[in-house]
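Q: using only what follows, build the 3D model:
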Amino acid sequence: MEAFHVWFLDTVHPALKEALKTAGMTCHDATRLTRQELVHQAKNTPPVDALVLRSRIRLDREVLDALPDLKWIARSGSGLENIDLDRAAKLGIAVHSSPEGNQDAVGEHVLGMLLSVLNKMRSGDASIRARRWEREAHRGRELKSLTVGIMGYGHMGSAVAERLAGFGCRVIAYDKYKEGWGESPFAAPPLPHVHPVGWGAFCREADVVTLHLPWTEETKGLVDDAWLNGFEKPVILLNTARGPIVQTTALLRALDDGRVTDACLDVLEFEGRSLEGLDGLSDPDAREAFERLLAHPRVLLSPHVAGWTVESYVKLSTVLADKILGA
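A: Here you go, the predicted model:
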């Protein structure tokens, strides 16, 4: 069997490398390789037959065209915004991802954030630490009394829906790309307690909105003033998808005037494409918006870790191994 060379551009759980080695593939540590060095490697030996990555390097048309031996790409995780999928398809390059590996983690994280704000956990803890006993100020709300709207019903959205089943709340879902999920007729939902609705009904009924959309040209900046003005009731907004989907300044205005009662953000508009840290804060307006977000008492933040658990770290690799070796 001719040697097959797989280059790991990012660190993933070793289960994937072990599975590929067992299958006879040669694996290379390329976690320090730059974009330019990757392109240069394509002209050398050994060839770049396959790539494993998260989001450190963007595989755009220029890079893909420079890798003539590339057979497949394995993206550990769910987002594919750093891969030119159209170009990959034209070049016959298979693309694998593993949203199944961290959907459970995301579902639990969303629920944790939501329960935290409904029950004012953070401020309640802070009040006790400040030696204040403020019971009335920390009267919570019951999830059962609310309608939770899931926008985007793929792996992550359905995982959230599954975890809401035991709470007795009304769960609605809007996904413009699910066949039959328009205003009428409705497609049968995959879970019996989930009600597919059109956009109009979604805006009328939702008390909570949780976003589970990919980062595309269509979704970038989607949550703006007009979008937030479309809801008939004040909403709790959660975003564990991608930061640039939500315009921070528009969200801050909605928080200030009561259109959004609370915001739970695992991702921020200011994240770089690598998703490994904040970027763009050299801009004064971005820096001001970020500081306002940090200071806001009704904003709960986490550092892009919704899908980042001990269990998901393993599952992301095992799911990819199954897809690659079963292809």
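
Q: what number of residues lie near residue 323?
A: 16 (other CB atoms under 10 Å). C-beta: built from backbone N, CA, C; applies to glycine.

Q: is it true that it touches residue 100?
A: No. Look at residue 323 against residue 100 with CB atoms under 8 Å: they stay out of range, at 9.2 Å.

Q: can you pull out the strands in the stretch 101-250 of the chain?
A: Ranges of strands within the stretch 101-250 of the chain are 147-151, 170-174, 194-196, 208-211, 235-239, based on DSSP state E, counting those that start in this stretch.

Q: put together TSV for these, with mean neighbour count and distance to residue 73 on each row.
A: As requested, the strands of the stretch 101-250 of the chain are exported to TSV (neighbours: other CB atoms under 10 Å; distance: least, CB to CB, whole Å):
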stretch	mean neighbour count	distance to residue 73
strand 147-151	24	28
strand 170-174	22	30
strand 194-196	20	32
strand 208-211	25	26
strand 235-239	25	26
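
Q: redo the ones you listed as CSV? Include distance to residue 86.
A: Below are the strands of the stretch 101-250 of the chain laid out as CSV (distance: least, CB to CB, whole Å):
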stretch, distance to residue 86
strand 147-151, 25
strand 170-174, 26
strand 194-196, 29
strand 208-211, 24
strand 235-239, 26
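
Q: mind checking which of those strands is nearest residue 113?
A: Closest to residue 113 of those, according to CB to CB: strand 235-239, at 6.0 Å.

Q: other residues contacting the closest one?
A: 110, 113-114, 117-118, 149, 206-211, 223, 245-246, 251, 254, 259-267 (CB atoms under 8 Å, 6 or more residues apart in numbering).

Q: mind listing what it pairs with, with the direction of each?
A: strand 208-211 (parallel), strand 260-265 (parallel) (DSSP bridges).

Q: will you turn the ones you listed into CSV that also has mean pLDDT?
A: Formatted as CSV, those follow (pLDDT from 0 to 100):
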stretch, mean pLDDT
strand 208-211, 98
strand 260-265, 98
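
Q: select, out of the ones you listed, the one closest to residue 130.
A: That would be, of the strands paired with strand 235-239 and by CB to CB, strand 260-265, which comes in at 20.9 Å.

Q: which residues touch the closest one?
A: Contacts of strand 260-265 (CB under 8 Å, 6+ apart): 110, 113-114, 116-117, 228, 234-239, 243, 246, 251, 254-255, 293, 296, 298-302.

Q: try 6 Å
A: 113, 117, 234-239, 251, 254, 298-301 (CB atoms under 6 Å, 6 or more residues apart in numbering).

Q: export those as a markdown table, with columns for pLDDT and distance to residue 281.
A: What follows is those, written out as a markdown table (pLDDT from 0 to 100; distance: CB to CB, whole Å):
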| residue | pLDDT | distance to residue 281 |
| --- | --- | --- |
| 113 | 98 | 24 |
| 117 | 98 | 26 |
| 234 | 98 | 29 |
| 235 | 98 | 28 |
| 236 | 98 | 26 |
| 237 | 99 | 22 |
| 238 | 99 | 23 |
| 239 | 98 | 19 |
| 251 | 98 | 17 |
| 254 | 98 | 22 |
| 298 | 97 | 22 |
| 299 | 98 | 17 |
| 300 | 98 | 20 |
| 301 | 97 | 15 |
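
Q: which residues of the stretch 51-200 of the chain score low on pLDDT?
A: Flagging of the stretch 51-200 of the chain using pLDDT under 70 yields the residue ranges 179-189.

Q: okay, helices next: where are they in it?
A: 61-65, 85-90, 99-118, 121-129, 155-164, 199-205 (DSSP state H, counting those that start in this stretch).

Q: show residues contacting the first one.
A: Meaning helix 61-65. In contact with helix 61-65 (CB under 6 Å, 6+ apart) are residues 84, 87.

Q: starting at the chain centroid, how far to it?
A: Centroid separation between helix 61-65 and its chain, computed with CA atoms, centre = their mean, to the nearest Å, is 25 Å.

Q: only the buried residues of it, if you could.
A: 63-64 (16 or more other CB atoms under 10 Å).

Q: and for the second one?
A: When burial is assessed from 16+ other CB under 10 Å, helix 85-90 yields the following buried residues: 87-88.

Q: for it, name the packing helices and strands.
A: Packed against helix 85-90 by the contact rule (3 or more CB pairs under 6 Å, 6 or more residues apart in numbering; DSSP states H and E) you find no helix or strand.

Q: thanks a lot, catch you later.
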